[in-house]
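Q: turn this into a structure:
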Amino acid sequence: MKPKAQTSQQSSDTYLTTLVEGLLRTEEAAELLAISSRCLAEHIAAGNLTVIRIGRAVRIHPDALRVFVEAREARGRPLRRRSAKPSAAQPLKTGTES
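A: Predicted structure coming up:
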């Protein structure tokens, strides 16, 4: 007996299942990038990283993550912004010092 040929519906379902299984949660993407979830959320809010929103859930395709990293590398920019706040080790300058 000949095996049945896959229908376009079966092929579409297989593709969709593979796609969805490969999506990353924001926590997973942040861990892969070695940045905080908050930093990743800032990049998403700024439009630097393409995401897929499903209701309240946010998912990231691995290819979008790769594009994001490559774009940052091409511009020579770090993934995390440096804080403009002075560190605890550096006292604040008040302007009255000479």
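
Q: and the pLDDT for Asn48?
A: With respect to pLDDT, Asn48 has a value of 94.

Q: check Arg53 too.
A: 94.

Q: in this structure, where is pLDDT below threshold?
A: Low-confidence segments of the chain (pLDDT under 70): 1-10, 15-20, 78-98.

Q: can you pull out the strands in it?
A: With DSSP state E applied, the chain shows strands at 24-25, 52-54, 57-60, listed in chain order.

Q: next, format those as JSON lines and append mean neighbour count and distance to Glu31.
A: In short, each C-beta sits where N, CA and C put it, glycine included. As requested, those are exported to JSON lines (neighbours: other CB atoms under 10 Å; distance: least, CB to CB, whole Å):
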{"stretch": "strand 24-25", "mean neighbour count": "16", "distance to Glu31": "9"}
{"stretch": "strand 52-54", "mean neighbour count": "11", "distance to Glu31": "18"}
{"stretch": "strand 57-60", "mean neighbour count": "17", "distance to Glu31": "12"}
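
Q: nearest to Cys39, of the ones you listed?
A: Nearest to Cys39 among the strands of the chain is strand 57-60 (13.8 Å), distances taken as CB to CB.

Q: so what strands line up beside the closest one?
A: Take DSSP bridges as the rule and strand 57-60 pairs in its sheet with strand 24-25 (antiparallel), strand 52-54 (antiparallel).

Q: of all the ones you listed, which one is nearest Leu33?
A: Closest among the strands paired with strand 57-60, using CB to CB: strand 24-25, at 10.3 Å.

Q: that older thread, would TSV of the strands of the chain with distance to Ala46 be doable?
A: Listed next are the strands of the chain as TSV, based on distance: least, CB to CB, whole Å:
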stretch	distance to Ala46
strand 24-25	19
strand 52-54	16
strand 57-60	14
